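Peer 1: my questions are about this predicted structure, shown below with the sequence.
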Amino acid sequence: MTSERQQSAIKGAKVLMVGAGGIGCELLKTLALSGFGDIHIIDMDTIEVSNLNRQFLFRQLHVGQSKAKVARDAVLKFRPHINITPYHANVKDPDFNVDFFKQFNVVLNGLDNLDARRHVNRLCLASGVPLVESGTTGFLGQVTVHVKGRTECYECQPKPAPKTYPVCTITSTPSKFVHCVVWAKDLLFAKLFGPRNQENDLNVRSSDASSLSKQIEDVFVRKDDEDIEQYGRKIFDHVFGYNIELALSNEDTWKNRSRPRPIYGKDVLPIEFVHQNGKELKVSAAGDLSSVSAMTSLGLKNPQDLWSLKENSAVFLEALKLFFSNREKEIGNLCFDKDDQLAVEFVTAAANIRASSFGIPLHSLFEAKGIAGNIVHAVATTNAIIAGLIVIEAIKVLQNDIENYRMTYCLEHPSRKMLIMPVEPFEPNKSCYVCSEVCCSFSLNMLSFILFGIFMFCFNWTHCIQWITHFCFNAIIRVCN
């Protein structure tokens, strides 16, 4: 139960939520049920099938729609009298500037990437608006409060590399090899060899949007008269070719990104034999039924070798064939295991083919195995706990209850008989390059500055920048203690 003072602070508050995903869905629900009446949400993502197991404001019919808008509609069904304003946009868009942030009493972060978190942190510092930051990794989570001049900012301490990854990045815009490994392991391997009728974002067909009521043929279902090689090439063309072409049709996605390249089997393996380093790698239809390794079947011996695109494609098709010929009884019940050689081969090959499509450097099987075994999955209950802790800290911020601010950690195993560990916030780091205040003095050579103006008219900007870097400014930076 909240006190009258708390209720007064809550009802008069204008809150900005950034992120409407795993934490954001739980947070919006909790804010609404706690009495908050003016909530703004920013999220650039659309709903993916793989979101549905933990983002409970979304349903199958919402796939492809804006997360922020659908979350708003879902909450208004049980809290129709509150004001929720959604923005289907990137928080880094110029519309969300310092003046925009100044209108809010507190900002609540439910983001899933470091770059956006840093951006919001700096906007909150510039606008003087308190920030409640959060994050989860499996069963672990944390909530931290950042108030300019009173507590450390988000960037006062270095942050470790994440072990969970945004779903939209995995499915649509991978930029690192680990994104490709997650896609190959959690989406493709699970779809082909995991529980049957499993829905995920690999099922997308171009006709879905125009004819939702029609029964769309599932490309992952193997027909009775379809041999293994035909089926393998069909899967290859769908996930590495057709789905990439479909992604390219969304022009907005690629305005500031490199466009991926669709890869089809006929282009990579146009004939039965692939020549690589003077050797012939046979992609046979029947295969060696006594082999449990695609590498062995293809004569690839060293797991630390970097396979070419052709070799990865051959391993992909051979591994899929071996699963269906040697381990057919297991299909439908398989989960990825880093100690399963054939599973690691399949995931490595699939990840490398996708990486090649997106212009990401390829990795060896040895490297891919280490990455695949070190991925932590999101847990819905952790998100719910963290969302509740965010709201608790937000209420303290609204009451200016500085003495009771806490950084709270959700633990996987008890520490001092506690799974929820609160600690007092740290003071600002005086060496922080973002929030610390330092004095700097500059000296400017005016003659050089005038000459720079002349160069602007006589030469192009590239020459000007090079010239100004090397000759124009004689800047002396002195940090005042």
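Peer 2: Yep, that arrived.
Peer 1: distance of Pro414 relative to Met421?
Peer 2: 9 Å (Cβ to Cβ, to the nearest Å). Backbone N, C-alpha and C define where each C-beta goes, glycine included.
Peer 1: those two: which has the busier surroundings?
Peer 2: Met421 (15 against 10; other Cβ atoms under 10 Å).
Peer 1: please, which helix or strand holds that one?
Peer 2: Assigned by DSSP states H and E, Met421 falls within strand 418-423.
Peer 1: what strands line up against that strand, and which way round?
Peer 2: Strands that pair with strand 418-423, judged by DSSP bridges, come out as strand 407-415 (antiparallel).
Peer 1: can you give me the helices for the stretch 351-481 of the chain?
Peer 2: Taking DSSP state H, counting those that start in this stretch, the helices of the stretch 351-481 of the chain run over residues 365-372, 380-398, 446-458, 461-467.
Peer 1: check these for me: which has the lowest mean pLDDT.
Peer 2: Between these, the lowest average pLDDT goes to helix 461-467, which shows a mean of 53.
Peer 1: burial of Glu412, as a residue count?
Peer 2: Count around Glu412 with other Cβ under 10 Å applied: 13.
Peer 1: same question, the one 5 residues further on
Peer 2: Using other Cβ under 10 Å, Lys417 has 5 other residues around it.
Peer 1: need phi/psi at it.
Peer 2: For Lys417, the backbone dihedrals (degrees, to the nearest 10) come out as phi 70, psi 20.
Peer 1: same question, Glu245
Peer 2: Dihedral angles (degrees, to the nearest 10) for Glu245: phi -60, psi -40.
Peer 1: then the strand holding Met421 to CSV, C-alphas only?
Peer 2: Output in CSV follows, covering the C-alpha atoms of strand 418-423 (Å, rounded to 0.1, in the frame of the first residue of the first chain):
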residue,chain,number,x,y,z
MET,A,418,19.0,-12.7,0.3
LEU,A,419,18.1,-12.9,-3.3
ILE,A,420,17.4,-9.2,-3.6
MET,A,421,20.4,-7.2,-2.5
PRO,A,422,20.0,-3.4,-2.0
VAL,A,423,23.1,-1.2,-1.6
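Peer 1: show residues contacting that strand.
Peer 2: Ile385, Leu389, Arg406, Met407, Thr408, Tyr409, Cys410, Leu411, His413, Ser415 (Cβ atoms under 8 Å, 6 or more residues apart in numbering).
Peer 1: you'd agree the third one is up against Val145?
Peer 2: Right, Arg406. Yes: with contact defined as Cβ atoms under 8 Å, Arg406 reaches Val145; the gap is 7.3 Å.
Peer 1: neighbour-wise, which of the two wins?
Peer 2: Neighbour count, other Cβ under 10 Å: between Arg406 and Val145, Val145 has more, with 23 against 17.
Peer 1: that one: what secondary structure?
Peer 2: What DSSP: H, G, I helix; E, B strand; the rest coil gives for Val145 is strand.
Peer 1: next up, the contacts around it.
Peer 2: Pro130, Leu131, Val132, Glu133, Thr151, Glu393, Lys396, Val397, Tyr405, Arg406, Met407, Pro425.
Peer 1: between the residues you listed, which is closest to Arg54?
Peer 2: Proximity of these to Arg54 (Cβ to Cβ) peaks at Glu133, which lies at 20.1 Å.
Peer 1: pLDDT score assigned to the closest one?
Peer 2: 96.
Peer 1: which other helices and strands does the one helix or strand it maps to contact?
Peer 2: Using DSSP H and E, Glu133 sits within strand 131-137. Secondary-structure packing of strand 131-137 (3 or more Cβ pairs under 8 Å, 6 or more residues apart in numbering; DSSP states H and E): helix 22-33, strand 106-109, helix 114-127, strand 140-146, helix 380-398.
Peer 1: mind putting the ones you listed in TSV, distance to Lys338 included?
Peer 2: Below are the helices and strands packed on strand 131-137 laid out as TSV (distance: least, Cβ to Cβ, whole Å):
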stretch	distance to Lys338
helix 22-33	25
strand 106-109	33
helix 114-127	26
strand 140-146	21
helix 380-398	23
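Peer 1: deepest in the core, which of the ones you listed is it.
Peer 2: Each of the helices and strands packed on strand 131-137 was scored by mean neighbour count; the highest is strand 106-109, a mean of 27, by mean count of other Cβ atoms under 10 Å.
Peer 1: which stretches in the stretch 201-350 of the chain count as helices?
Peer 2: So, for the stretch 201-350 of the chain - with DSSP H, counting those that start in this stretch - the helices run 228-237, 243-248, 265-268, 294-298, 309-326, 341-357.
Peer 1: what comes up buried for the helix or strand encompassing Thr85?
Peer 2: Using DSSP H and E, Thr85 sits within strand 83-87. Neighbour-count burial for strand 83-87, counted by 16 or more other Cβ atoms under 10 Å, picks out Ile84, Pro86, Tyr87.
Peer 1: Arg117 against Thr144, yeah?
Peer 2: No: taking Cβ under 8 Å as the definition, Arg117 is not a contact partner of Thr144, at 10.8 Å.
Peer 1: quickly list what's touching both of these two.
Peer 2: With Cβ under 8 Å, 6+ apart, Arg117 and Thr144 have common neighbours Glu133, Tyr154.
Peer 1: for the stretch 1-150 of the chain, give me the ranges with low pLDDT.
Peer 2: Along the stretch 1-150 of the chain, segments meeting pLDDT under 70 span 1-2.
Peer 1: please report the distance of the nearest residue to Gly135 once chain neighbours are set aside from Gly24.
Peer 2: Distance criterion Cβ to Cβ, 6 or more residues apart in numbering; nearest residue to Gly135, sequence neighbours excluded, is Gln142 at 6.0 Å. As judged by Cβ to Cβ, Gln142 and Gly24 stand 16 Å apart.
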